[in-house]
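Asks: Structure for this input, please:
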Amino acid sequence: MFAFSAPWILLCLPLPLFTWFFLPAVKNVQNQVLHAPFLRYMKELMTAHSFSLRAYVRHYTVAALLWICLVIAAAGPQWLGKPMDVARSGRNIMLAVDISGSMQIADMSFNGQELPRLTAVQLIAKQFIQKRKGDRLGLIVFGSKAYLQTPLTFDRDTIINRLEDSSVGLAGQLTALGDGIALAVKHLKDLPENNRVLIVLTDGASNSGHFSPLEAAALANDYHIKIYSIGFGADQLLVPGILGMRSVNPSADLDEKTLQLIAAKTGGQYFRAKSMTSLDQIYNQINQLEPTAEELIKYRPETALYPWPLAAAFLIAFALLLRRAWRCKIDRRGRPPCLPKKGNHRGLPLPQNSQLLWRRVYTRGMRLWIF
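Replies: A predicted model of the protein is given here:
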């Protein structure tokens, strides 16, 4: 269906006629605020050279077409597709991902290759985000400080792109877990109470920031925000030593007790992910959260059509410019070939300095058309 986004702008179509017939002409030209010398040259030119009735009709027709195209483009023509039912669950899920220096430890295995922890999280979380159709998702990254990467949105592709753009150490080398939770609370607290969820993933202990993790968890509990905490990192990693390979625990700094308290305080659950497989299972388990009652909303795809009348206006203006430039080219003597050689249509001599006059009109007119 064809429609206008701002149909009231179409009321401006008769505005030039209203201005021409109903507004009085300016008589006192001495007190004009805006001085346009080009108009004076045009007035002298009109007295020196007349136009036929057909030329007047042609010029006003072109001007009317230009005005109609511009007004139609400003009114926002658009094509509305067929109405579609879109399911929206109403859940608001904020993802808080640790990107501190320890997330570069390559203790995750994928297809026989060792991957850094952040790369593994990006691969698994991408699948989780793609499954959350109808939910609003947001992304927070935290290191020494916490930053909002993406506010809550239905655009899952944007969330995935911003997650993939995140790199280790972008927010600092330390871990401000409490600030990450507090920032999520700030963006979730004004939303409906029954669908506020925060999924926080970290691989260490909080050692930076203004809020402690438990203080931020208490704040989340006050706003009825449920937190699902994930402790990430392998518990065994082979590293070269003096006498050969030796086994170390790369997750020795993981504060599981604090993560458990955070989840328990807010009515959520704590998960421990030691591999990419277990992390995928955890996200699938979280993905089974019962959404609130689904709401069907009507959506009509919109296709903007304003470029077409706008392009038509530019083409008409450009064609008129070329036509005038071709007909009124200045020859070597500075005289447009469209003027009579000895006088005007009445046989009278042309005004004094006519060559200079036409040169000024042509030069100023070209400047107006181009700029």
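
Asks: Pull out the buried positions in stretch 265-280.
Replies: Neighbour counts over stretch 265-280 (16 or more other C-beta atoms under 10 Å) mark 266, 268-276, 278-280 as buried. Any C-beta I mention is one placed from the backbone N, CA and C, and that applies to glycine too.

Asks: measure that stretch end to end?
Replies: Counting by C-alpha to C-alpha, to the nearest Å, you get 25 Å between the two ends of stretch 265-280.

Asks: where's the closest residue to Leu174 other than its chain neighbours, which helix or strand?
Replies: Of all residues not flanking Leu174 in the chain, Ser208 sits nearest, at 3.7 Å (C-beta to C-beta, 6 or more residues apart in numbering). Secondary structure assignment for Ser208, by DSSP states H and E: no helix or strand.

Asks: can you redo the buried residues of stretch 265-280 as a markdown table with distance to Leu219?
Replies: Putting these into a markdown table (distance: C-beta to C-beta, whole Å) gives the following:
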| residue | distance to Leu219 |
| --- | --- |
| Thr266 | 10 |
| Gly268 | 14 |
| Gln269 | 19 |
| Tyr270 | 18 |
| Phe271 | 22 |
| Arg272 | 25 |
| Ala273 | 25 |
| Lys274 | 30 |
| Ser275 | 32 |
| Met276 | 32 |
| Ser278 | 29 |
| Leu279 | 27 |
| Asp280 | 30 |
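
Asks: pLDDT weak spots in the stretch 151-300 of the chain?
Replies: Scanning the stretch 151-300 of the chain with the threshold set as pLDDT under 70 gives 241, 243-244, 289-297, 299.

Asks: now the strands: where do they sit in it?
Replies: Here the stretch 151-300 of the chain has its strands, by DSSP state E, counting those that start in this stretch, at 196-202, 226-232, 237-241, 244-248, 269-273, 295-299.

Asks: rewinding a little: and the residue nearest to Leu174, what are its phi and psi?
Replies: Ser208 adopts backbone torsions of phi -160, psi 170, taken as degrees, to the nearest 10.

Asks: Hmm, Thr175 and it touching each other?
Replies: Yes. With contacts counted by C-beta atoms under 8 Å, Ser208 reaches Thr175, the gap being 6.1 Å.

Asks: what is in contact with those two at once?
Replies: Common contact partners of Ser208 and Thr175 (C-beta atoms under 8 Å, 6 or more residues apart in numbering): Gly143, Ser144.

Asks: Comparing the two, which residue is more hemmed in?
Replies: Shown here are Ser208 and Thr175; by other C-beta atoms under 10 Å, Thr175 has more neighbours (29 against 19).
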